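Enquirer: generate a structure from the sequence data that follows.
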Amino acid sequence: MEETPNQEVKKKPYYRRPRYRKRPTDAPEQIKRLPKKISIVIPLFNEEESLQPLATEIKKVCENSSIEFDVIFVDDGSTDKSLKVLKDLNRMDRRFKYISFQKNYGKSAALQVGFKHVTGEVVITMDADLQDDPSEIPNLLNKLDEGFDLVSGWKKKRYDPFIKRISSKFFNYITGLMSRIKIHDFNCGLKAYRRAVIDNIKVYGELHRYMPVLAYWQGYSVAEIPVQHHPRRYGKTKFGISRFFKGFIDLVTVIFVTRYIKRPMHLFGFLGALAFLVGLIVNGYLSYEWIMGQPLNNRPMLLLGILLVIVGVQFFSVGLLGELMVHNSQDESEYTIKESRK
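Expert: The predicted structure is shown next:
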């Protein structure tokens, strides 16, 4: 046998690992994954002076971040020159669209109508008074890209009147306590939504304050990031003390429609059973005293016991009627479907 000559072993070429430069800490944060398009919905009422600077800032931020966008201004029956400014913006750049109401319907109505005209896969909402900073849009998109469905801004440092700050803190505390959602600022106008969220949530009355609650109880994930807040430059605040009381009533409405709309017996049945049981205990105690010879003609507690029993039966009856209505109106289309394969 002939011996095979030893083959020379080829050395692998030396590979120098490339050196990556660290991004300066003061450089603007880049968006992790750009959405195909975002739609920005901005309700407004008498904000003629702030619209042009706001549009300029939005355009600057989105173009610098290579974000395809359109803006839908919803004029909620303004009585100043806001509509004229919106027409001028639309004439100069078709990405700035507008809808104008004949009269003032409220912020929730403006948002709901604006949501019907969005075209982006992500929807951003903000106020038109320049207190919300458009430069926060990339931060909202980055947080949304972590897997959340709704990202709400948190005005950690607020530039609002003292009464508004205190009432907002109290409002946010009560809302978090009742809804079990741990965020600091439910009513911040600066929010980011995935398209599916706004497609499955109806906003009416004053429910715009509770969008995180409505989304959370529909099964969507909710997050929060601190955002920059600016002092108001033009005009005056639309905040009034009546909004606080309306907000509390709407909170009760939200809790009911999110938790008990499909199981009213769980609420009314519990209240009815509790009232009936307390009334039964009171009447049982008074009956024992009557048997032992105590007169009941001057005992107001007897009336209380009878009233509790009657109220308990009525609550229970309302719960049964509610269950019958839910059973007869049950519709599969009311359920929010995340994925399906057929």
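Enquirer: I'd say M178 and I255 touch.
Expert: Yes. Using C-beta atoms under 8 Å, M178 is in contact with I255, at 5.7 Å. All C-beta atoms are positioned from the backbone trio N, CA, C, and that covers glycine.
Enquirer: please identify which of those two sits among more neighbours.
Expert: For M178 versus I255, the count of surrounding residues by other C-beta atoms under 10 Å is larger for I255: 17 against 14.
Enquirer: could you say which helix or strand holds that one?
Expert: Assigned by DSSP states H and E, I255 belongs to helix 241-259.
Enquirer: next SSE downstream of that helix?
Expert: helix 264-291.
Enquirer: and that next one, which residues are buried?
Expert: Buried residues in helix 264-291, counted by 16 or more other C-beta atoms under 10 Å: 264-265, 267-269, 271-272, 275-276, 278-279, 282-283, 286.
Enquirer: stretch 41-61 too?
Expert: 41-51, 54-55, 58-59, 61.
Enquirer: now that stretch: mean pLDDT?
Expert: Here stretch 41-61 scores 93 as its mean pLDDT.
Enquirer: what separates that stretch from the chain centre, distance-wise?
Expert: Relative to its chain's centre, stretch 41-61 lies at 21 Å (C-alpha atoms, centre = their mean, to the nearest Å).
Enquirer: so M301 makes contact with L286?
Expert: Yes. At 6.3 Å, M301 counts as touching L286 under the criterion of C-beta under 8 Å.
Enquirer: look up phi and psi at K155.
Expert: Phi and psi for K155, reported as degrees, to the nearest 10, are phi -80, psi 80.
Enquirer: what's near enough to touch the closest residue to it other than its chain neighbours?
Expert: Leaving aside its sequence neighbours, K155 sits nearest to H229 (C-beta to C-beta, 6 or more residues apart in numbering; 4.1 Å). Each residue near H229 by C-beta atoms under 8 Å, 6 or more residues apart in numbering is listed here: 131-133, 155-159.
Enquirer: where does confidence bottom out across those residues?
Expert: pLDDT across the contacts of H229 is at its lowest for Y159, which sits at 72.
Enquirer: nearest residue to R165 other than its sequence neighbours?
Expert: R158 (5.5 Å).
Enquirer: what's the answer for L89, then?
Expert: Using C-beta to C-beta, 6+ apart, the nearest residue to L89 is F96, at 4.3 Å.
Enquirer: repeat that for A215.
Expert: Per C-beta to C-beta, 6+ apart, closest to A215 is L150, 4.7 Å.
Enquirer: where do the helices of the stretch 101-250 of the chain begin and end?
Expert: With helices called from DSSP state H, counting those that start in this stretch, the stretch 101-250 of the chain shows them at 107-115, 137-144, 162-179, 195-199, 211-217, 241-259.
Enquirer: so what's the residue nearest to L89 scoring on pLDDT?
Expert: We have a pLDDT of 96 for F96.
Enquirer: same deal with the one 3 residues further on?
Expert: The score at I99 is 94. That number is its pLDDT.
Enquirer: so the nearest residue to L277 once chain neighbours are set aside is in which element?
Expert: Distance criterion C-beta to C-beta, 6+ apart; nearest residue to L277, sequence neighbours excluded, is G312 at 7.4 Å. Taking DSSP H and E as the criterion, G312 maps to helix 300-328.
Enquirer: please identify the buried residues of that helix?
Expert: Going by neighbour count (16+ other C-beta under 10 Å), the buried part of helix 300-328 is 302, 305, 308-309, 311-312, 315-316, 318-319, 322-323.
Enquirer: pull the most distant pair out of these.
Expert: L302 and E323 (32.5 Å; C-beta to C-beta).
Enquirer: quick check: L296 is in a strand.
Expert: No. According to DSSP: H, G, I helix; E, B strand; the rest coil, L296 belongs to no strand; its state is coil.
Enquirer: surely F101 meets S82?
Expert: No. With contact defined as C-beta under 8 Å, F101 does not count as touching S82 (11.2 Å).
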